[in-house]
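I would like the atomic coordinates for the input below:
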Amino acid sequence: MSDWRSLLQPDSPLAEVLPGYQPRAEQQVMAEAVAQAIDERSHLVVEAGTGTGKTFAYLIPVLLSGVKVLVSTGTRNLQDQLFHRDLPLLCGLVGRPVRIALLKGRSNYLCRHRLSLEVAAPPLPGFERSRQRALGRIVRWSETTESGDIAEVDSVADNDPIWQSVTSTRENCLGQDCPEFRRCHVLLARREAQAADVVVVNHHLLLADMALREEGFGELLPGAQAVILDEAHQFPDVAAQFFGTRFGSRVVLSLVRDAELEFTRAGLLDASGRSQLAELESAVGAISLTLTGLGDRIEWSRLPDAALEATEELAIALENVAARYDDPSIEEAAVRQCGRRAVEAAARLRTLLAYDESLGLQWVDNAARYFSFEFTPFEVADRLKAQTQERPCAWVHTSATLAIGQQFGHYIQRVGADSARTLQIASPFDYSTQSRLYLPPNMPDPSDRGFTRALIDAALPLLRAAGGRAFLLFTSHRALGEAAQLLREAMDGDDPFPLLIQGDMPRDTLVKRFREIGHAVLLGTSSFWEGVDVRGPALSIVVIDKLPFASPDDPLLKARLEGLRRTGRNGFAEHQIPQAVLTLKQGVGRLIRDPADFGVVMIGDPRLRSRSYGRSFLASLPPMPVTTQVDEAVAFLRHHLAGLNE
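Model prediction:
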């Protein structure tokens, strides 16, 4: 597979379709490694620094390989970018026909049958006007869409509850018994994927396929000869969720609503049936009541006896519904499907109640309007290793943040990729001239009540020198709120730069506004640490408050630490530090996104220099010159900003 080289040379046809295209040695090194891995059906883990051009470095060998390839991403945004922009551009240049397909999870596609049920259902109390308005927009769109991908509907928010009613789940799908089966958007998307040479999926869907494959129902992996995992740093945590078990109250309440509609339509909803469905709702309410005041995350051992008793009553209520409606003699397929859903829900709940605590962590996610029982395994590496070794398939893991310093051991251990070749490719950017790392002196301990005030005091000279142009990234919402208030007070009615605060509007809207304004200050938490790309002088400062250690209450973290403890290993050294290093690399990576970018990263956490583990963090960051002098950081900014006007 040598033709990829001709597409990454100075006279490449890429230069005709990509303004400013320049060949990069780093990109060519990665492309060669990916091509070799696909040829040999081997495993490759490659960290490609910002600016490498890793997307084209793997897509070009993929398109020229002649084999079926799955490209899996960590986010739907990148999934859409690959399918709608990058792949069409490259497919026209490779000189051979390549069939591509986009496949998302079931919940991303309109279900025509459930839409018809929603149209026929009476409006929900309190939601009539807004819900009916959104429903009307979806109905109009449904008449013209070919893909059924709900991302096409800009006028209805992604998180609008209406989508739960007009999309399907594995539990409520009627399959071949559905009256809309032949026009099913999910079915059509899967057929396209099975016939394609390159299929773009996301980690959630890939792992769902891997989990189903264990039961003999996987649809994607059996035909693939290579799998590319982009944004691979997210893969281990997604895997931990998928190889766990979950039972949520929404599953029961959705079942009750669907059952009422389907049983009524079939003329089977008598007084006894109504009573059984009411018992389901009552049991869910009883569980919610016992969880009140116990917090957002509740360890299983802290559950009161009343919660366990109410959970047992819910299991019995589900089994009663299952016994009545999971009956082959019932002619209506939708009614039987509701019965099967009750069977599966009861079985999953019984499984959770009977889990062996030596295998993983059990806990409850207790939100304002719903709850879910969760089981997270201590370790998923063995299961991932078994899946990837089962067939001769190339696996390529890539991200800008996979290594700690120059070592890949942490990531490889988490995904079970013991035999993988590793490759670290440095960014082609000149960090020595484009950037500075400012570590303000005399900062208090991060646990000090005055830490956020000290952080803002230290950042203000930079913000004033640049006239804004900054991301302020925080490890908690509390610190973000305090910082926003402190900035408003510091400006004292003056408005030298607009403030954009996470939560005031959707993330993508905030980033768009940030680019348009050109000198704003954006305050955000975890969702802004990665996947945000702002090029040019609009972003010249990135301020990070603390080293991003995960919350000790996070159940995924607890499960991982307990698994390490049980094998006699040090969870802080082997997991918490490496994970925080990778997250910090992501945050710092927001600054320099282009060869013409410049700016200052400021990290307020004094532990970078006062603790021995601080060296691991500093060694993993790009080679930015370090300063503790605010005057030097300010002068650097003023020098580069002045150059913009020359």
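
Quickly list the domain ranges of the chain.
3-99+196-234+380-425, 107-186, 245-377, 431-644 (automatic domain parsing).

Low-confidence regions, the stretch 151-300 of the chain specifically.
211-219 (pLDDT under 70).

The stretch 401-550 of the chain now?
Across the stretch 401-550 of the chain (using pLDDT under 70), the flagged ranges come out as 493-495.

Could you pull out the helices in it for me?
Ranges of helices in the stretch 401-550 of the chain, per DSSP state H, counting those that start in this stretch, are 409-415, 431-434, 451-466, 477-491, 507-517.

about what we covered before: redo the domains of the chain as a markdown table? Include mean neighbour count.
C-betas here are computed from N, CA, C, even on glycine. Output for the domains of the chain, formatted as a markdown table (neighbours: other CB atoms under 10 Å):
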| stretch | mean neighbour count |
| --- | --- |
| domain 3-99+196-234+380-425 | 19 |
| domain 107-186 | 16 |
| domain 245-377 | 17 |
| domain 431-644 | 18 |
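
what helix or strand does the spatially closest residue to F549 that is not a sequence neighbour sit in?
Leaving aside its sequence neighbours, F549 sits nearest to A580 (CB to CB, 6 or more residues apart in numbering; 4.8 Å). Using DSSP states H and E, A580 sits within helix 577-588.

Name the next helix or strand downstream of that helix, please.
strand 599-603.

Output the contacting helices and strands for the following helix or strand past that following strand.
Per DSSP H and E, the first helix or strand lying C-terminal to strand 599-603 is helix 607-610. Counting by 3 or more CB pairs under 8 Å, 6 or more residues apart in numbering; DSSP states H and E, the packing neighbours recorded for helix 607-610 are helix 614-620.

same for the helix it packs on, what does it pack against?
By 3+ CB pairs under 8 Å, 6+ apart, helix 614-620 packs against helix 577-588, helix 607-610.

Turn the ones you listed into JSON lines, columns for distance to T475 and mean pLDDT.
Output for the helices and strands packed on helix 614-620, formatted as JSON lines (distance: least, CB to CB, whole Å; pLDDT from 0 to 100):
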{"stretch": "helix 577-588", "distance to T475": "9", "mean pLDDT": "95"}
{"stretch": "helix 607-610", "distance to T475": "12", "mean pLDDT": "94"}
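
Would you tell me which of the ones you listed gets closest to G273?
Set against G273 and scored by CB to CB, the helices and strands packed on helix 614-620 come closest in helix 577-588, at 49.6 Å.

Taking strand 599-603 as reference, get the angle to the closest one.
Put simply, helix 577-588 runs at 150 degrees to strand 599-603, going by axes from the mean of the first three to the mean of the last three CA atoms, to 10 degrees.

how far out from the middle of the chain is helix 577-588?
16 Å (CA atoms, centre = their mean, to the nearest Å).

which phi and psi does C338 have?
phi -60, psi -40 (degrees, to the nearest 10).

May I ask you to confirm that it is in contact with D258?
Yes. Using CB atoms under 8 Å, C338 makes contact with D258 at a distance of 6.1 Å.

which residues do the two both contact?
The contact sets of C338 and D258 overlap at N172 (CB atoms under 8 Å, 6 or more residues apart in numbering).

L289: what's it in contact with?
Here L289 is in contact with A310 (CB under 8 Å, 6+ apart).

any idea how far P304 is from it?
As judged by CB to CB, to the nearest Å, L289 and P304 stand 11 Å apart.

Which residue, other than its chain neighbours, is closest to R170?
R106 (6.6 Å).

Distance check, V364 against R76.
From V364 to R76 the distance is 28 Å (CB to CB).

which stretch among the helices of the stretch 401-550 of the chain comes nearest S168?
Going by CB to CB, the one of these nearest S168 is helix 507-517, 26.1 Å.

Kindly export that closest one (C-alpha atoms) in PDB.
The C-alpha atoms that make up helix 507-517 are tabulated as PDB, following Å, rounded to 0.1, in the frame of the first residue of the first chain:
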ATOM      1  CA  ARG A 507     -21.600  24.700  24.200                       C
ATOM      2  CA  ASP A 508     -21.500  25.000  20.400                       C
ATOM      3  CA  THR A 509     -23.300  28.300  20.500                       C
ATOM      4  CA  LEU A 510     -20.800  29.600  23.100                       C
ATOM      5  CA  VAL A 511     -17.800  28.600  21.000                       C
ATOM      6  CA  LYS A 512     -19.400  30.200  17.900                       C
ATOM      7  CA  ARG A 513     -20.000  33.500  19.800                       C
ATOM      8  CA  PHE A 514     -16.400  33.300  21.100                       C
ATOM      9  CA  ARG A 515     -15.000  33.100  17.600                       C
ATOM     10  CA  GLU A 516     -17.300  35.900  16.300                       C
ATOM     11  CA  ILE A 517     -16.600  38.400  19.100                       C
END
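
which outside residues touch it?
498, 500, 502, 504-505, 520, 522, 524, 527-528, 532, 534, 538-539.

Please identify which pair of these lies farthest apart.
P498 and S527 (19.9 Å).

hmm, back to that, who are the contact partners of the residue nearest to R170?
T167, S168, T169, R170, C173, V186.

From what I see, the first one and S107 are in contact.
Yes. Distance between T167 and S107: 4.9 Å, which falls inside the contact criterion (CB under 8 Å).

follow-up on the earlier one: how much space separates the residue nearest to F549 from L473?
Counting by CB to CB, the gap from A580 to L473 is 13 Å.

Check T509 too.
The value you get for T509 to L473, if CB to CB is used, is 18 Å.

Also S142?
Taking CB to CB, one finds S142 at 40 Å from L473.

same question, L174
Following CB to CB, the distance that separates L174 from L473 is 46 Å.

How about R131?
Following CB to CB, the distance that separates R131 from L473 is 36 Å.

With F371 instead?
31 Å.

cool, and N202?
In terms of CB to CB, N202 sits 24 Å off from L473.

Likewise for V626?
Taking CB to CB, one finds V626 at 19 Å from L473.

just the helices in the stretch 1-150 of the chain please.
Ranges of helices within the stretch 1-150 of the chain are 14-17, 25-40, 54-65, 76-81, 87-91, 112-120, 128-142, based on DSSP H, counting those that start in this stretch.

can you tell which of these is closest to D418?
The nearest among the helices of the stretch 1-150 of the chain, by CB to CB, is helix 25-40 at 15.6 Å.

same for the closest one, what does it pack against?
strand 43-48, helix 54-65, strand 226-229, strand 394-399, strand 421-425.

Any chance of those in JSON lines with distance to A550 as columns?
Output for the helices and strands packed on helix 25-40, formatted as JSON lines (distance: least, CB to CB, whole Å):
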{"stretch": "strand 43-48", "distance to A550": "21"}
{"stretch": "helix 54-65", "distance to A550": "26"}
{"stretch": "strand 226-229", "distance to A550": "22"}
{"stretch": "strand 394-399", "distance to A550": "18"}
{"stretch": "strand 421-425", "distance to A550": "24"}
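
Endpoint to endpoint, stretch 618-635 covers what distance?
23 Å (CA to CA, to the nearest Å).

contacting residues around that stretch?
Taking CB under 8 Å, 6+ apart as the rule, stretch 618-635 contacts 49-50, 403-405, 427, 429, 431-432, 435-441, 458, 461-462, 465, 581-582, 584-585, 588-589, 592, 600-602, 608.
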